[in-house]
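> using only what follows, build the 3D model:
(one chain, ligands or ions: 1)
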Amino acid sequence: MMQQRRMTTAALALALVLVTGAAACGDDDDDSAADTASDNRLDIVAADYSFALSGEVHEGPMRIDFQNAGAEFHVPALFPIAAGVTEQQLIAAFESEDESAAGPLLAGDPEAFRGMPPFIDAASSASVVTNSITAGDYALVCFVGTADGQPHFSLGMVTTFTVGAAPDGAAAEALPDADGEIVINDGSYTVPDNIGDGGSFLVRNVSGQPHEITIGRLHEGATFADAEGWINQYFAASFGEGEFPAGEWPADIVGGLLDTVGADDQALIVLPKLSKGSYIVVSESEDDGVALFRTDFTVD
Ligand SMILES: [Cu+2]
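Down below sits the predicted model:
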């Protein structure tokens, strides 16, 4: 069930969300969120097909930088796992026809909001600051599939790591101050006027239902429909239906949150200074699975 659920989530995210943007002039290292969380930072580099992690992390405001050094799309799905569970056990369980196989390996609520970075396309990166990841052992898993139908986790995109207790034993601290807010309304987003400057942006959901969020930039001359058609075809193909689309995806992801954001969930999306262009903010609703909505903005 876990595998199916996560595959569905990842597929929907990829299929529905479309987005993107090239962060050509990115310098995201001088914002307050970066400074505040600089000592509690997880770097994830995805390749075809592996995750390389660096950084020792603990409960509390944690910055996560996710970079895709591969040629395919990758998703940083995070699950809490029972102590001592190995990557090999996880792969065997996810590959199993038995839907209950993964259950005993997991701990806590696998669907809980953790404020992870979104799926990203090749050569993109995305950063967040979250304080929703509690101490414990975790697995990072990519459920995207290859052209010949193999899930990336079967090829090596599973890794485990530990999040330590907060240094002083206290409850998680508040998130650092943001440079602005991105508000999820009922059917649209409100983005702050300074979003193009980059920085850290608090995501606040007042829509009454959970939503994901992905922010990207369309390539010059590309339309939303171009990007949507390409990604839908890519995703269908990655799960064994039809051919992969030709050429490049005409968009680039610059940020977002993989997890659905509920009313009480908070995390910061950290954006680089955005290059000029047409951007889009996209969501699906988890309630009905397909309630896509989008908001456009332009950086001049
Ligand atoms: Cu992958």
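> list the buried residues for the host helix or strand of residue 42?
Per DSSP states H and E: residue 42 is located in strand 41-47. Within strand 41-47, the residues that count as buried by 16 or more other Cβ atoms under 10 Å are 41, 42, 44, 45, 46, 47. For glycine as for every other residue, the C-beta is placed from the backbone atoms N, C-alpha and C.
> how about stretch 201-211?
Buried residues in stretch 201-211 (16+ other Cβ under 10 Å): 201, 202, 203, 204, 205, 207, 209, 210, 211.
> which one is the last one nearest to, not counting chain neighbours?
In other words, residue 211. What sits nearest to residue 211 in space, not counting adjacent residues and going by Cβ to Cβ, 6 or more residues apart in numbering, is residue 283, at 4.2 Å.
> now do the contacts for that neighbour.
17, 184, 189, 211, 212, 213, 214, 292, 293, 294 (Cβ atoms under 8 Å, 6 or more residues apart in numbering).
> how close does it get to residue 207?
Distance, residue 283 to residue 207, using Cβ to Cβ, to the nearest Å: 9 Å.
> what touches both of these two?
Common neighbours of residue 283 and residue 207 (Cβ under 8 Å, 6+ apart) are residue 184.
> so in that sheet, which strands flank the very next helix or strand once past the strand holding residue 42, and in what orientation?
Once strand 41-47 ends, the next helix or strand along the chain (criterion: DSSP H and E) is strand 50-54. Here strand 50-54 has these sheet partners by DSSP bridges: strand 41-47 (antiparallel).
> gap between the strand it pairs with and the chain center?
Distance, stretch centre to chain centre, for strand 41-47: 12 Å (Cα atoms, centre = their mean, to the nearest Å).
> now residue 231: which helix or strand?
helix 224-238.
> so is that helix next to the ion?
No. Using Cβ under 5 Å from the ion, helix 224-238 never reaches the ion; the gap is at least 9.2 Å.
> now do the buried residues in the helix or strand that that helix is followed by.
Once the chain leaves helix 224-238, the next helix or strand it forms, by DSSP H and E, is strand 251-261. Buried residues in strand 251-261, counting neighbours by 16+ other Cβ under 10 Å, are found at 251, 252, 253, 254, 255, 256, 257, 258, 259, 260, 261.
> then stretch 114-126?
Going by neighbour count (16+ other Cβ under 10 Å), the buried part of stretch 114-126 is 114, 115, 116, 117, 118, 119, 120, 121, 122, 124, 125, 126.
> report the central residue of the chain.
Against the mean C-alpha coordinate of the chain, by Cα atoms, centre = their mean, the closest residue is residue 118 at 1.7 Å.
> assess the claim that residue 272 and residue 197 are in contact.
No. Counting by Cβ atoms under 8 Å, residue 272 stays clear of residue 197, with 9.8 Å between them.
> can you list the residues of the stretch 51-200 of the chain near the ion?
So the stretch 51-200 of the chain meets the ion at 74, 142, 144, 152, 157 (Cβ under 5 Å from the ion).
> at 8 Å what do you get?
By the rule Cβ under 8 Å from the ion, the part of the stretch 51-200 of the chain lying against the ion is 70, 72, 73, 74, 75, 142, 143, 144, 152, 153, 157.
> let's have the residues you listed in TSV, adding secondary structure, neighbour count and pLDDT.
Shown next, in TSV, are these (DSSP: H, G, I helix; E, B strand; the rest coil; neighbours: other Cβ atoms under 10 Å; pLDDT from 0 to 100):
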residue	secondary structure	neighbour count	pLDDT
70	coil	20	95
72	coil	20	91
73	coil	24	92
74	strand	29	95
75	coil	26	93
142	coil	28	95
143	coil	26	90
144	coil	24	90
152	helix	26	95
153	helix	26	96
157	coil	26	97
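> nice, that's everything, thank you.
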